[in-house]
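Novice: Starting from these lines, generate the structure:
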Amino acid sequence: MSDIQERVEDIVDRALEAGTENGVQVAVYRNGEILADVAAGVADHRTGRPMTSDTPCYAASAVKAVTSSVVHVLAERGVLDYQTRVAEVWPEFGAHGKDGVTLRHVLTHSAGVPAVPADTTAEDLCDWDGMCATIAALEPWWAPGERVGYHAATFGYIVGEVVRRTTGKPISQVLAEEVAGPLGVPGQLYFGVPEDQLDRVAVQEDDPAARQMFDQLPDEFPLFKAAPRAVMPSPALANRRDSMLSDQPFHGYVTANGMARTLAALTGPVDGVRLISPERLTEATTLATAGLMDEMSMGPATWALGYSVGGPGMAEESVDQTTTLSGMVGMGGGAVYANRRTGVSFAVVKNRFNPIRIEVVEQVGALLAETFS
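Specialist: This next block holds a predicted model:
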């Protein structure tokens, strides 16, 4: 390991001592070498089970970076093309004028179907065929590419169904075979957790003060248009057995090492494995929505092909097509980022669910930006 290991350990230890976190994992890679692998605290307060580096944690939308990486691996192999119309492989999706939506539109959150129906339940999310049928039948909010709005839940089902119809395999199987297996982390990247692995998953707990603040947000809050409160990421949703068992690739259960290693293998070889070419890496991680507003977040649209461009400490307004840092942060505090210029990738997962607290992510990001500028 390195000095980075000690400095990250210090960040994590301070968060645990302050009582703002229960269990935390952080992993850092540079040019294929692991510089830090930190795990501390507890995975389950009820039993005292410790948080370890191979404990899968719910990471909410941060896992979209893994979902997107599956797409890029398949594109690298020629199985998928970003310009493929979704309706070409999934004809039902073309209903109500959505036949012009391409995979690129989906990856840039400009497909025009950002929201699931307002009456969607947690049980509905577990029904893959039912959710896909519901999404296929949606009327678009805008013409493909005309506007941008974060596709909080629909993203995972659309990408996952395109992968399934193209390969004949559920996206979880493709993830295992094309990413987790080759990278040597088969038990660390899950959309749906195998039943015999459920006991390994960290138990999510609410941060009471943050939950109270979040619950006071008005129903008109823009993000609730994309994902109703009943299916918003939360400990209640994350800890449901049916949710853990089902593929829902807009979120998932992962380790910090699994996510950081995935993005590290996009930026360069990791133990001899490189997932995509340098040219595809640049295409996949370069800002593609410059000058547009995200209608769900009400801020600048900072999307590349499945990743958010920029990261901790960067103002959205400063992100442009020269920005080389990209990744995803999830509600609750999980995050993964990589910088294609410096070759650094890092991820954070944790099990104290705070919709707005990302201090560990910000502190690790600042440390790495200062060290590897």
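Novice: what are the ranges of the strands in the stretch 151-300 of the chain?
Specialist: Using DSSP state E, counting those that start in this stretch, the strands assigned to the stretch 151-300 of the chain run over residues 189-190, 205-206, 253-254, 293-294, 299-300.
Novice: Among these, which comes closest to Pro56?
Specialist: Among these, strand 253-254 comes nearest to Pro56, with 4.1 Å by Cβ to Cβ. Where you see a C-beta, it was placed from the backbone N, CA and C, and this is true even at glycine.
Novice: What pairs with the closest one, parallel or antiparallel?
Specialist: Partner strands and pairing direction for strand 253-254 (DSSP bridges) are strand 57-58 (antiparallel), strand 189-190 (antiparallel).
Novice: tell me the mean pLDDT over the first one?
Specialist: Which is strand 57-58. Averaging pLDDT along strand 57-58 yields 98.
Novice: CSV for the strands of the stretch 151-300 of the chain, including mean pLDDT?
Specialist: Output for the strands of the stretch 151-300 of the chain, formatted as CSV (pLDDT from 0 to 100):
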stretch, mean pLDDT
strand 189-190, 98
strand 205-206, 92
strand 253-254, 98
strand 293-294, 94
strand 299-300, 91
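Novice: Which among those is found nearest to Ala62?
Specialist: strand 253-254 (7.8 Å).
Novice: Go ahead and name everything in contact with that closest one.
Specialist: Outside strand 253-254, the residues that touch it by Cβ atoms under 8 Å, 6 or more residues apart in numbering are 56-59, 62-63, 66, 188-191, 193, 201, 244, 334, 349.
Novice: about what we covered before: which of the strands paired with strand 253-254 sits most buried?
Specialist: Mean neighbour count, computed with mean count of other Cβ atoms under 10 Å, is highest for strand 57-58 among these, reaching a mean of 30.
Novice: could the strands paired with strand 253-254 go into TSV alongside distance to Glu370?
Specialist: Below are the strands paired with strand 253-254 laid out as TSV (distance: least, Cβ to Cβ, whole Å):
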stretch	distance to Glu370
strand 57-58	26
strand 189-190	29
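Novice: Nearest approach to Phe214 belongs to which of these?
Specialist: Nearest to Phe214 among these is strand 57-58; the distance by Cβ to Cβ comes to 16.2 Å.
Novice: Now find how far off-centre that closest one is within its chain.
Specialist: Its chain's C-alpha centre and that of strand 57-58 lie 11 Å apart, by Cα atoms, centre = their mean, to the nearest Å.
Novice: Stretch 48-60 now?
Specialist: 16 Å.
Novice: Buried residues of that stretch, list them for me.
Specialist: Neighbour counts over stretch 48-60 (16 or more other Cβ atoms under 10 Å) mark 49, 51, 55-60 as buried.
Novice: ditto for stretch 136-151
Specialist: For stretch 136-151, burial by neighbour count (16+ other Cβ under 10 Å) applies to 136, 138, 140, 144-145, 147-151.
Novice: likewise stretch 116-129?
Specialist: Residues of stretch 116-129 classed as buried: 116, 120, 125-126, 128 (neighbour count, 16+ other Cβ under 10 Å).
Novice: Give me the buried positions along the longest strand seen in the chain.
Specialist: If each strand of the chain is counted by residues according to DSSP state E, the longest one is strand 33-44. Of all the residues in strand 33-44, those buried under the rule 16+ other Cβ under 10 Å are 34-44.
Novice: So in that sheet, which strands flank that strand, and in what orientation?
Specialist: Next to strand 33-44 in the sheet, as set by DSSP bridges, lie strand 23-30 (antiparallel), strand 49-50 (antiparallel).
Novice: Show me where the chain dips below the pLDDT cut-off.
Specialist: Along the chain, the model assigns pLDDT under 70 to residues 1-2, 222.
Novice: rerun at 90
Specialist: For the chain, applying pLDDT under 90 flags the ranges 1-2, 118, 207-232, 296-299, 311-318, 320, 331-333, 354-358, 373.
Novice: of the buried residues of stretch 116-129, closest to Thr285?
Specialist: Ranked by distance to Thr285 (Cβ to Cβ), the buried residues of stretch 116-129 are led by Val116 at 27.3 Å.
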